[in-house]
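Participant: Provide a 3D model corresponding to the input given below.
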Amino acid sequence: MRSSGSSLIDQIANRVAQRGQRTALAAWPDHVCFVEAKLGFELPPLLRQVYLYIGDGGNGPGYGTLPLAAFAGESLTFLEVYGDWIAGESLGDQWTWDRYLLPLTDWGCGLYECLDSSEADGPVYRFDWTAADDGDETKEHLDPTHESLTAYFESWLQGLPDLD
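Facilitator: Numbering: from 1, shown residues only. Alright, predicted model coming up:
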């Protein structure tokens with residue numbers, strides 16, 4: 001059942017349909033629970049609804065949300081990107097990644113938008129991992145883009161930002 005944010009979820013679903021962006025069926029609840037168990041915390045409510053009611057990845061700004069499950073033709077899943085960043089594999093050994101900073105949207109060429117999931121409707125940051133050097137602080141490469149995940153999707157619904 002959808003919570004009070006359902007009108008926003010409906011608007012996102014309509015925009016996704018208008019763009020022909022729906023690339024996957026909605027995520028299975030068991031798979032969302034699996035991802036949350038791996039993270040050690042629940043996904044923020046709005047992000048959880050996007051996965052459960054709209055689709056498992058490929059929805060929203062840029063190239064869309066990262067998929068939770070692996071699909072044929074997809075490059076990396078949400079947990080693969082997150083796991084690499086937490087382990088420092090793609091960012092360099094000296095990086096420390098905040099466990100509550102979740103990869104959200106892929107913009108290509110090493111640009112991602114990330115959600116601070118330590119809050120229910122936390123801020124969104126743009127992250128360019130290609131500009132990072134070993135020894136840099138992660139926060140040096142995080143640029144705030146939206147005050148909340150709600151504002152992030154509302155901005156997209158108004159036409160900005162996007163790859164169109």
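Participant: just give the nearest non-adjacent residue to residue 53, would you?
Facilitator: Nearest non-adjacent residue to residue 53, counting by CB to CB, 6 or more residues apart in numbering: residue 9, 5.4 Å away. Placement of C-beta: from N, CA and C, glycine included.
Participant: okay, the one you found: pLDDT?
Facilitator: pLDDT recorded at residue 9 is 94.
Participant: so it sits against residue 54, correct?
Facilitator: Yes: contact status for residue 9 versus residue 54: in contact at 6.8 Å, counting by CB atoms under 8 Å.
Participant: settle it for me: which of those two has more neighbours?
Facilitator: Of the pair residue 9 and residue 54, residue 54 is the one with more neighbours under other CB atoms under 10 Å, namely 27 against 18.
Participant: what about the more buried one, distance to residue 122?
Facilitator: Going from residue 54 to residue 122 by CB to CB, to the nearest Å gives 19 Å.
Participant: how long is stretch 45-53 end to end?
Facilitator: This stretch, stretch 45-53, spans 12 Å end to end (CA to CA, to the nearest Å).
Participant: alright, I will stop here.
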